[in-house]
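1. Here is my input; please provide its structure:
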Amino acid sequence: MPDLRDIPCLGCGCTCNDLVARVDKNRLLELENGCSLGRTWLTSELPENSPPCFLDGEPATIEAGIAQAAKILKSARYPLIYGLQEGATQSQRLAIAIAERLGGAIDLPLSQTRGPSGTTFRAVGEVTATLGEVLHRGDLILFWRCDPVTTHPRHLELYSLEARGEFLPNGRADRTCVVIDDQPTATSARSDLFLPLPAERDFEALWILRGMLAGIPLEESQLVHFTTEDLAAWKNLAERMQSAKYVSIFYDASLTKAPSGHIQLDALHALVKDLNRSTRAICRSLGSSGNLAGAEQVLTWTTGYPAAIDFSRGYPRYSPGEFSAREILKRGEADVLLLLGSSPSLLSQCTAAELNKLSVISCASSAEALAAAVAFRVAKTGVQSGGTTYRVDGVPLPLRPPLTSQLPSDAEVLTLLRAALN
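-> Alright, predicted model coming up:
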């Protein structure tokens, strides 16, 4: 059997699309160009020999499940649709249409930690680029409180530090790597400059760098108090940034997890804007596994907002502090939860009293939510079913599933459900 080439991997935000799979009798025998995360994503939790639907834990047909799910949703006072990160663009569009049809709410995982990015976009603005542009032009790579060697194993190889670009033909020799974190990491071991920064001191460090770029005199005693590093170390970093031709700053969700996450992200993007007065600089998140980037893209170009959206008034309203799934469940407003994908983290945060008020309808490739009132078991997106996904930088990629499944895709289930609701 010929090798299957150019398979995109959703194991992390890199969405590497150069994987080569050798398959025999619908089994993955060998995988080239994949990292450990990619192998895990391609081989774990594959639904096999499973009924396509369960009603209260008992096997049922798809038709019976669709009829029962439509009945529950039609009688719902305020349904909540949550997840979407494991689906392709096609199923995400259907989920939004169902939320609008029902006048409910729709939210994504990590909306409360990713919420600051939406606030920053409106308050400060963003200077971003595709990973391809970083590959060809990024001569100074700064990883701010993140460790891609561990979390995104092929990022350095394909897009940043080690990649050979059109204007950086020597790869690593043409680039400078800076890591800022509270402890040494696998990435800092491969960097040219490591600056230790205490946890929750990101805002102070970013504002110090902005002050240096603006030529504002700084007292070394205050700088050491806030960052534990002396003036020379931060001045060296500021000079490196100003002399670079293309500064690329990467961060992950850890930067925005604190209650003041939006302030830290504001400061980071403000620093990037300052740098663009004298050179070219961009800032981008490393991204997460699955197609969460695609869900944010689809929600944004459909409703204007990236997550935590309410349709109860007939039009989309956005507020992470009010319409996030966790806040809605905490207030006891939702009576039906349509769970798209595996999202045990949300349910684990809910109390028994909150869960008892919910009728749960799940649609996932894993078996975690089979105890729901209606549970659809679907083919795993990107492995057993196709569609379109988005890389973290907003580049859409067609999925080329190496395996097949007798189960329906999530898009097929949502298409039937939408028709039943109409």
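
2. got a pLDDT number for residue 328?
-> In the prediction, the pLDDT value recorded for residue 328 is 91.

3. chain center to the strand or helix carrying it, what's the gap?
-> For residue 328, the enclosing helix or strand under DSSP states H and E is helix 325-330. In terms of Cα atoms, centre = their mean, to the nearest Å, the centre of helix 325-330 is found 20 Å from the chain centre.

4. next structured bit after it?
-> For helix 325-330, the succeeding helix or strand toward the C-terminus, using DSSP H and E, is strand 336-340.

5. contacts for that following strand?
-> Residues from elsewhere that reach strand 336-340, judged by Cβ atoms under 8 Å, 6 or more residues apart in numbering: 69, 72-73, 76, 78-84, 86-87, 91, 95, 98, 104, 329, 358-364, 369, 372, 410, 414. Heads up, the C-betas are built off the backbone N, CA and C, glycines and all.

6. can you list the weak-confidence ranges in the stretch 1-150 of the chain?
-> Residue ranges of the stretch 1-150 of the chain with pLDDT under 70: 1-2, 45, 47, 111-123.

7. how far away is residue 221 from residue 181?
-> Here the criterion is Cβ to Cβ, to the nearest Å. By it, residue 221 lies 24 Å from residue 181.

8. For these two, indicate the residue with more neighbours.
-> Of the pair residue 221 and residue 181, residue 181 is the one with more neighbours under other Cβ atoms under 10 Å, namely 20 against 8.

9. what residues are up against the more buried one?
-> Neighbour list for residue 181: 143, 145, 146, 147, 188, 194, 196, 197 [criterion: Cβ under 8 Å, 6+ apart].

10. Which of those ranks first by neighbour count?
-> Of the contacts of residue 181, with other Cβ under 10 Å as the count, residue 143 tops at 28 neighbours.

11. Could you confirm that residue falls within a helix?
-> No: secondary structure of residue 143 (DSSP: H, G, I helix; E, B strand; the rest coil): strand, not part of a helix.

12. Tell me how many other residues surround residue 300.
-> Using other Cβ under 10 Å as the criterion, the residues surrounding residue 300 number 15.

13. which residues does it contact?
-> For residue 300, the contacting residues are residue 306, taking Cβ under 8 Å, 6+ apart as the criterion.

14. Look at residue 408 and tell me its secondary structure.
-> At residue 408, secondary structure determined by three-state DSSP is coil.

15. doesn't residue 384 make contact with it?
-> No: here residue 408 does not reach residue 384: they are 10.4 Å apart, not a contact under Cβ atoms under 8 Å.

16. Would you map the strands across the stretch 101-250 of the chain?
-> Counting by DSSP state E, counting those that start in this stretch, the stretch 101-250 of the chain has strands at residues 105-107, 140-144, 176-181, 193-196, 246-251.

17. show me where pLDDT drops low in the stretch 151-300 of the chain?
-> 258-261.

18. Please repeat the previous calculation with a cut-off of 90.
-> Where the stretch 151-300 of the chain drops to pLDDT under 90, the residues are 198-201, 215-234, 252-266, 288-289.
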